[in-house]
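Trainee: Okay, predicted coordinates and the sequence, questions at the end:
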Amino acid sequence: MRKPKYNILTLASILMLLPLLAACGGDNGTSTPSAGAATGSGGSTPVMANTAVMANTPVMASTAVMTGTAVMTGTSNSSLTGKLEMFSWWSTGGEAAGLKKLYQAYNVTYPNVNIVNSAVAGGAGQDAHAVLNNRLQNNNPPDAFQIHMGHELIDGPVAAGQVEDLSSLYQSEGWTKTFPQGVLDIVSSTDANGTKHYWSVPVNIHRANVLWYNKKVFSDNNLQPPATFADFFTAADALKAKGIAALALGDKDSFAAPHLMETVLLGTLGADGWKGLWTGTTKWDDPKVTEALNTFKKMLGYINSDHASLSWDQANSEVISGKAAMTIMGDWANADYIAKNFTNYGWVNAPGTKGIYDALSDTFALPKGAPDRDNAIAWLKLAGSQQGQDIFNPLKGSIPARTDAGKPAAGQPSYNDYLKSAMSDWTKDTIVPSVVHGAAAKPSWVKDYTDAVNAFVTKQDVTATQSQLVTAAATAMGK
Ligand code: GAL
């Protein structure tokens, strides 16, 4: 077992530096596509269904993958053959669209590789994590897999010795110069000799603390998007009086309510208070945590009645239809709107979180014993390249992790207004780590937090839940 030198304190302090680092990386760097990035034009190979892994998961039909024109131009490379099994949880509209685009780009360059799309449905990887862990433990790895930067990666497969060290790839692709230092620091660990080892390749940066709203519902009811919790409840009362659910929640996905609570804690405690929850400087029995639980409880009085039977994206559809007015969700909701051709939406920071960027990153790792290692490395090179990030992110609803990306090629989907605003915020906001999406805490703590918040949705017992959260923190910190 490799013991990485990595802790939550390091993570929090590193993330504090991100805006500066992102700004330093700037938008003025030149584009440096990696050597192995997809640069070819040519045929494309059908994506195969992997029935063994994909039980009840939508597999992209080969026809869907093959439609659309070549995403990049150049020569195809027939040196790679066989398959590439890519494991993720991207199965819904915008998520699948971004992934499909990346698959297309891969197959443009490597037409003789069959991509096996092993996506296990379930927001935030709620079901994928267990399937992946099982496969890694049983020496049955896919070729590459999705994992969040931060503790999910470092305290998960890195600590268990299940992934390859990608440091030489970081050198050959020049990635130590093209990702912000704060991101580099939390996809890596430092050994006893002080040498840094890189473990996964970040393809994007997502923001968790966004309130999305239906503009028509708001204008029909003379409402302004809320900036504070007080604003939120004023709007919510007006909507409730009209029989409109103020807030759409889809907590059939087990991450959705804990995600909402994450934004309420952040909006109540502020950036430093939030970070302190995961480093020990903010106590979980703090009166502000009680206040956040009470605010969250009050919010639950304004959600859609069918919340327990909906996934996050189905809840988002209620905002689209106008059945609900708002939802608080990460910016993958932006991708969902794009995929569903809905444009009449607005966004503001979740209440109380103006100037704060609650960040997470989707990365790809290379498991030890990947059956198609060369094909997987070609995938990682594409995902880490400027071109790869700029074809993926406009559809995925995220901003590129690379500081020199953000400039899609002519004819490719462009970053929409939301994403342009996010790119600008990323360079100037206070960055904090998301807990529900793997950055802030180790997986066992995330699970304890998630379980406590999900139980709260039904029981709504503030005192009991707060003491559960106190215990979870004590357990995680070994007290
Ligand atoms: C997050 C992930 C996003 C998006 C979302 C909903 O954890 O980072 O890419 O997929 O879950 O599934």
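Mentor: Received it, and whenever you're ready, just let me know what you need.
Trainee: contacts and neighbour counts: CA atoms only from here.
Mentor: Will do.
Trainee: In contact with the closest residue to residue 270 other than its chain neighbours: list those residues for me.
Mentor: What sits nearest to residue 270 in space, not counting adjacent residues and going by CA to CA, 6 or more residues apart in numbering, is residue 353, at 7.2 Å. Neighbouring residues of residue 353 by CA atoms under 8 Å, 6 or more residues apart in numbering: 209, 263, 266-267, 270.
Trainee: how near is the residue of the stretch 151-300 of the chain found nearest the ligand to residue 294?
Mentor: Closest to the ligand within the stretch 151-300 of the chain is residue 206: 6.7 Å, counting by CA to the nearest ligand atom. For residue 206, the distance to residue 294 (CA to CA, to the nearest Å) stands at 27 Å.
Trainee: More neighbours: which of those two?
Mentor: residue 206 (25 against 17; other CA atoms under 10 Å).
Trainee: is it true that the more buried one lies in a strand?
Mentor: Yes: Residue 206 sits within a strand when classified using DSSP: H, G, I helix; E, B strand; the rest coil.
Trainee: Could you check how far it is from residue 247?
Mentor: Distance, residue 206 to residue 247, by CA to CA: 21 Å.
Trainee: now residue 339
Mentor: Distance from residue 339 to residue 247, by CA to CA: 21 Å.
Trainee: okay, these two: which has more neighbours?
Mentor: residue 247 (29 against 19).
Trainee: tell me the contacts of the more buried one?
Mentor: Residue 247 sits next to 236, 299, 302-304, 324-328 when contact means CA under 8 Å, 6+ apart.
Trainee: Stretch 394-407: end-to-end distance?
Mentor: 10 Å.
Trainee: for stretch 113-129, that is, sorry about that
Mentor: End-to-end distance for stretch 113-129: 26 Å, by CA to CA.
Trainee: buried residues in that stretch?
Mentor: Buried residues in stretch 113-129, counted by 16 or more other CA atoms under 10 Å: 113-125, 128-129.
Trainee: all helices of the stretch 301-450 of the chain, in order?
Mentor: For the stretch 301-450 of the chain, the helices defined by DSSP state H, counting those that start in this stretch occupy 312-321, 332-339, 373-384, 386-396, 417-428, 443-459.
Trainee: what does the stretch 151-300 of the chain give?
Mentor: 151-153, 167-173, 175-178, 181-186, 215-220, 229-241, 256-279, 287-299.
Trainee: Residue ranges in the stretch 51-200 of the chain under the pLDDT threshold?
Mentor: Scanning the stretch 51-200 of the chain with the threshold set as pLDDT under 70 gives 51-75.
Trainee: Show me what from it comes close to the ligand.
Mentor: 90, 123-124 (CA under 6 Å from any ligand atom).
Trainee: repeat that for 5 Å
Mentor: Residues of the stretch 51-200 of the chain found near the ligand (CA under 5 Å from any ligand atom) are 123-124.
Trainee: And for the stretch 301-450 of the chain?
Mentor: residue 437.
Trainee: which residue of the chain sits farthest from its center?
Mentor: residue 241 (34.9 Å; CA atoms, centre = their mean).
Trainee: quick one, what contacts the closest residue to residue 342 other than its chain neighbours?
Mentor: Counting by CA to CA, 6+ apart, residue 342 lies nearest to residue 320, which is 6.8 Å off, once chain neighbours are set aside. Shown in contact with residue 320 (CA under 8 Å, 6+ apart): 214, 337, 342, 345.
Trainee: Could you report the distance from the last one to residue 225?
Mentor: For residue 345, the distance to residue 225 equals 11 Å [CA to CA].
Trainee: neighbour-wise, which of those two wins?
Mentor: More crowded of residue 345 and residue 225, by other CA under 10 Å: residue 225, with 22 against 18.
Trainee: Fine by me, we can end here.
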